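Asker: Fold the following for me, if possible:
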Amino acid sequence: MNPDAGSRRTVSVGKRRVRLKLEQEYWAGLAEIAEREHMSVDELLDEADRRRGSASLPDAIRVLCTGYFRQAAATPGNLAAAMDVAVGATEGRR
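Answerer: Numbers count the residues shown, from 1 in each chain. As a prediction, this is how the structure comes out:
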């Protein structure tokens, strides 16, 4: 996992098109949150944009994803699964 690697995508936020650079893990997180909440990624981004206050949109998205999955992981025992997703199921195992 390269934390500096980001992926740029053009998305709809409200009525405007925005080019965002986020790490791949955040794009995947957004897709998963949207699926769980029965909404599109664009709808989720629109909601994050409305609620972000003075934060940049990429920062608001990172906080949204982190907060959402922290709430979802309210029970112990999720670290191994989270690490598998973060670094790959086979990386780091010896």
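Asker: From now on I want contacts and neighbour counts done on CA atoms only, so please keep to that.
Answerer: Noted.
Asker: Now do the longest helix along the chain: everything it contacts.
Answerer: Using DSSP state H, we find that the single longest helix of the chain is helix 57-72. Helix 57-72 is contacted from outside by Leu20, Lys21, Leu22, Tyr26, Gly29, Leu30, Ile33, Leu45, Ala48, Asp49, Arg52, using CA atoms under 8 Å, 6 or more residues apart in numbering.
Asker: same deal with stretch 9-21?
Answerer: Gly6, Ser7, Arg8, Asp42, Glu43, Leu45, Asp46, Asp49, Pro58.
Asker: Skipping its backbone neighbours, what lies nearest the fourth one in space?
Answerer: Once flanking residues are discounted, Asp42 sits nearest to Ser12: 5.5 Å by CA to CA, 6 or more residues apart in numbering.
Asker: How many residues are close by the one you found?
Answerer: If you count neighbours by other CA atoms under 10 Å, Ser12 ends up with 15.
Asker: centroid residue for this protein?
Answerer: The centroid of the chain falls nearest to Tyr26 when counting by CA atoms, centre = their mean (2.9 Å).
Asker: just to revisit the earlier point, is it possible to mark the buried ones in the contacts of helix 57-72?
Answerer: Neighbour-count burial (16 or more other CA atoms under 10 Å) is assigned, among the contacts of helix 57-72, to Leu22, Tyr26, Gly29, Leu30, Ile33, Leu45, Ala48, Asp49, Arg52.
Asker: Now, these that are in strands?
Answerer: Secondary structure from DSSP state E places Leu22 of those in strands.
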